[in-house]
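Novice: sharing a sequence plus its predicted fold:
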Amino acid sequence: MKVISIIGEKKSGKTSLIEYLIAYLKEYGKVGCIKHAHKLDMDVATAKDTDRFFNAGAEVVIGASPEKTVKIYRSNNLQDLIDEMATSSVDFVLVEGFKSSNLPKIALSDFSDNQVSTILKRVDFRGNPQMKEEMIKELVQLIRSLDDY
């Protein structure tokens, strides 16, 4: 399983880049994502009762509907989350955020090496669509070349 973190300041294009990477990486295997968030908002239908169960103290809550299933954990430990991805048989894990981790990273903002370690590639995701497609293909090859986690 290949694991990489996409980091950047707010509104730097992290989520958009990950969407593109998912679309291209799917050609090579299953893709999973882990998103660091200060607050998670789910749609009202899913959140109402699952939040009640979670707030009551459940360690894990799964909300399932015909369209999607959401699994909520107490842990936000990155290692635990990556281990969970491994049990899901994914080939690639794209992590949004967790800039203080030791994971290899693609940076969309100008972080110094003192601020953030293990940056493999710095990119500017703004620009014309043709440049974006070339950049995505290059990043997919970078991810595919990573050592297994």
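Specialist: Arrived safely. Residues are numbered from 1 along each chain as shown.

Novice: any weak-confidence spans in the chain?
Specialist: When residues are selected by pLDDT under 70, those of the chain lie in 38-47, 127-129.

Novice: centre-most residue in this protein?
Specialist: residue 95 (2.8 Å; C-alpha atoms, centre = their mean).

Novice: what about that residue, helix or strand, and which?
Specialist: Element membership for residue 95, per DSSP states H and E: strand 92-96.

Novice: parallel or antiparallel, list what pairs with that strand.
Specialist: The pairing partners recorded for strand 92-96 under DSSP bridges are strand 2-7 (parallel), strand 31-35 (parallel).

Novice: contacts for the shortest one, please.
Specialist: Right, the one you point to is strand 31-35. 18, 21-22, 25, 78, 81-82, 85, 88, 90-98 (C-beta atoms under 8 Å, 6 or more residues apart in numbering). Every C-beta, even on glycine, is put in place using the N, C-alpha and C of the backbone.

Novice: give me that answer again for 10 Å
Specialist: With contacts defined as C-beta atoms under 10 Å, 6 or more residues apart in numbering, strand 31-35 is touched by 1-3, 5-6, 14-15, 18-19, 21-25, 76, 78, 81-82, 84-86, 88-98, 143.

Novice: report the buried residues of that strand.
Specialist: Neighbour-count burial for strand 31-35, with 16 or more other C-beta atoms under 10 Å as criterion, is recorded at 31-34.

Novice: buried stuff in the biggest helix by length in the chain?
Specialist: Longest helix of the chain, by residue count under DSSP state H: helix 129-144. Buried positions in helix 129-144, judged by neighbour count with 16+ other C-beta under 10 Å: 132, 135-136, 139-140, 143.

Novice: give me the contacts around that helix.
Specialist: Under C-beta under 10 Å, 6+ apart, the answer for helix 129-144 is 2-4, 6, 13, 16-17, 20-21, 23-25, 27-29, 31, 91-94, 104, 106, 120-121, 123-127.
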